[in-house]
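Undergrad: Okay, sequence plus prediction incoming.
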Amino acid sequence: MMHKQILRATLAVAATGLAGAAAHAQSSVTLYGIVDAGITYTNNQKGQSAYQATPGNVQGSRWGLLGSEDLGGGNKVLFRLENSFNLETGALGGGGRMFGRGAWVGLSNDRAGTITLGRQYNSVQDYLSNMQINGVGALSQYANAVYDNDDLNNTYRTDNAVKYTTPTWAGFTANAMYAFSNTAGQFANNRAWSAGADYVNGPLHLDAAYSLVDQPASNTAGAAPSDNYYGTSSSIISNVARNQVWGAGGSYAFGPATLALLYTNSQFNLIAGGSLRFANYEASVRYQLTPATLLSLGYIYTSQNSSAASAANAHYNQVAVGGEYFLSKTTDLYLNGIYQNAAGSKAWIEGISNPSSTNGQFSTVAGIRHKF
């Protein structure tokens with residue numbers, strides 16, 4: 001009898017250990033990151049040429065933790081914590097946030113979809129970036145639309161957000177997001193919502209999305225906090241009462257070449273009255289010349305219409321060209337050139353520290369990017 005009891009106890013301990021090992025095997029946490037830095041030359045910043053050491057040119061430097069736990073029955077717990085930092089100085093990005101690029105946790109089901117809660121990208125950023133030449137990491141941030149008026153260069157991310165993403169059905173995926181104001185008695189003050197859809201069928205890729213923020217940057221507690229939104233240090237956009245962005249685009253792959261078209265429309269109703277409207281028309285091509293060499297060309301025409309005293313009507317033509325040479329699957333060298341010509345305004349390439357003193361501005365950047 002004693003031997004049987006010992007055997008039962010031994011088997012119970014072994015089973016417990018195996019169960020623990022199985023549970024551990026069903027969970028995973030991945031550490032990942034990108035480090036990107038280079039040298040940028042600009043021919044005119046407030047009338048002077050500039051040579052600058054610049055971080056995060058093609059992609060912002062970051063490190064992150066991505067985790068999941070399999071609960072069984074097609075259910076999972078998911079989370080992501082993603083930090084941003086300045087590789088040249090070591091300083092935190094994202095307004096000094098520890099996880100400024102994203103911080104969320106959620107539940108997913110194979111048939112019902114995924115719900116996530118936290119600091120997240122909106123639907124415009126999720127989907128329209130697929131068509132933007134910088135969004136696919138082919139050219140530097142300087143290839144984005146002037147003032148990043150459609151937020152595809154991630155000028156701001158959304159706090160207090162709840163997002164639902166559908167499963168993928170026959171290549172179709174959609175999501176919707178709502179972000180709370182977090183201020184008692186001011187439910188509509190600094191809240192946001194967005195919705196978008198993505199369709200992939202072989203070489204064809206289509207996307208459409210819409211986002212809205214009420215009273216952005218009116219405080220630090222809401223969906224678009226004041227320390228993480230547009231400001232006069234980097235654009236003409238400030239003191240916004242309501243911000244809407246919508247757009248659509250598509251791409252098609254022909255062997256080694258991918259052609260893409262994107263339209264975005266941004267409207268900023270201002271607190272002082274009047275509005276700023278931007279319409280961006282982008283065409284781009286990527287060509288995989290060799291397995292190690294990617295060539296890219298992008299063109300953006302932007303129309304700026306103003307009914308506010310703080311700005312005038314203007315339009316911008318911008319061309320960006322570049323190449324990447326991959327030393328390995330995780331490391332590449334890049335070289336870009338960007339030229340912007342403005343009418344009715346001074347030229348100001350997105351991401352460049354200061355505007356030109358004329359209607360033209362040219363920048364070139366060379367650097368290295370490593371992913372881990």
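TA: Done, it's in.

Undergrad: hey, let's count contacts and neighbours off CA atoms from now on
TA: Noted.

Undergrad: Quote the end-to-end distance of stretch 235-245.
TA: Distances were taken as CA to CA, to the nearest Å; on that basis the terminal residues of stretch 235-245 are 17 Å apart.

Undergrad: Likewise for stretch 192-208?
TA: As for stretch 192-208, its first-to-last residue distance stands at 18 Å under the measure CA to CA.

Undergrad: next one: stretch 112-129
TA: With CA to CA applied, stretch 112-129 spans 25 Å between its terminal residues.

Undergrad: ok, now stretch 101-118?
TA: Across its full length, stretch 101-118 reaches 11 Å end to end, with CA to CA as the criterion.

Undergrad: before we move on, what about stretch 83-95?
TA: 11 Å.

Undergrad: Over to stretch 69-89?
TA: The straight-line separation of the ends of stretch 69-89 (CA to CA) is 36 Å.

Undergrad: Could you list the residues in contact with that stretch?
TA: Taking CA atoms under 8 Å, 6 or more residues apart in numbering as the criterion, the residues outside stretch 69-89 that touch it are 26-28, 35-37, 53-56, 60-68, 91-94, 97-111.

Undergrad: and it, how far out from the chain's middle?
TA: Counting by CA atoms, centre = their mean, to the nearest Å, stretch 69-89 is centred 16 Å from the centre of its parent chain.

Undergrad: residue ranges for the strands of the stretch 251-372 of the chain, please.
TA: Assigned strands in the stretch 251-372 of the chain, in chain order: 257-270, 275-290, 293-306, 314-326, 331-343, 360-371 (criterion: DSSP state E, counting those that start in this stretch).

Undergrad: Just the buried positions in the top strand by length along the chain, please.
TA: Assignment by DSSP state E gives strand 27-45 as the longest strand of the chain. Within strand 27-45, the residues that count as buried by 16 or more other CA atoms under 10 Å are 33-45.

Undergrad: again, but for stretch 88-97
TA: 92-95.

Undergrad: now do stretch 59-77
TA: The neighbour-count check on stretch 59-77 (16+ other CA under 10 Å) flags 59-64, 66-70, 75-77 as buried.

Undergrad: how long is that stretch end to end?
TA: For stretch 59-77, the end-to-end distance is 28 Å (CA to CA).

Undergrad: Switch the strands of the stretch 251-372 of the chain over to CSV; also include distance to residue 125, mean pLDDT and mean neighbour count.
TA: Conversion of these to CSV gives the following (distance: least, CA to CA, whole Å; pLDDT from 0 to 100; neighbours: other CA atoms under 10 Å):
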stretch, distance to residue 125, mean pLDDT, mean neighbour count
strand 257-270, 11, 98, 20
strand 275-290, 15, 98, 20
strand 293-306, 18, 98, 20
strand 314-326, 21, 98, 21
strand 331-343, 23, 98, 21
strand 360-371, 21, 98, 21
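
Undergrad: Select, out of those, the one closest to residue 131.
TA: With CA to CA as the measure, strand 257-270 is the member of the strands of the stretch 251-372 of the chain nearest residue 131 (6.0 Å).

Undergrad: okay, the angle between that closest one and strand 293-306?
TA: Calculated by axes from the mean of the first three to the mean of the last three CA atoms, to 10 degrees, strand 257-270 forms an angle of 30 degrees with strand 293-306.

Undergrad: rewinding a little: now do the very next helix or strand once past the longest strand of the chain against strand 360-371, angle only.
TA: Towards the C-terminus, the helix or strand next in line after strand 27-45, according to DSSP states H and E, is strand 48-55. Calculated by the same axes, to 10 degrees, strand 48-55 forms an angle of 20 degrees with strand 360-371.

Undergrad: and strand 48-55, how far from the chain's centre?
TA: Put simply, strand 48-55 sits 24 Å off its chain's centre (CA atoms, centre = their mean).

Undergrad: Endpoints of stretch 285-300, how far apart?
TA: Distances were taken as CA to CA; on that basis the terminal residues of stretch 285-300 are 12 Å apart.

Undergrad: what's it in contact with?
TA: By CA under 8 Å, 6+ apart, the list of residues contacting stretch 285-300 from outside reads 133, 138-139, 143, 145, 256-260, 280-284, 316-327.

Undergrad: Over to stretch 235-252?
TA: Outside of stretch 235-252, the residues within contact range by CA under 8 Å, 6+ apart are 124, 128, 131, 147, 150, 203-217, 230-232, 258-272, 310-311.

Undergrad: count of neighbours near residue 232?
TA: The local packing of residue 232 (other CA atoms under 10 Å) involves 9 other residues.

Undergrad: Let me know the average pLDDT across the longest strand of the chain.
TA: Taken as a whole, strand 27-45 carries a mean pLDDT of 97.

Undergrad: Please find the angle between the direction vectors of it and strand 360-371.
TA: Put simply, strand 27-45 runs at 160 degrees to strand 360-371, going by the same axes, to 10 degrees.

Undergrad: other SSEs contacting strand 27-45?
TA: strand 48-55, strand 62-72, strand 360-371 (3 or more CA pairs under 8 Å, 6 or more residues apart in numbering; DSSP states H and E).

Undergrad: of all those strands, which lies closest to residue 347?
TA: Here strand 360-371 is closest among these (CA to CA), at 5.2 Å.

Undergrad: follow-up on the earlier one: in CSV: the strands of the stretch 251-372 of the chain, plus distance to residue 240.
TA: Written out in CSV, the entries for these read as follows (distance: least, CA to CA, whole Å):
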stretch, distance to residue 240
strand 257-270, 4
strand 275-290, 9
strand 293-306, 13
strand 314-326, 19
strand 331-343, 24
strand 360-371, 27
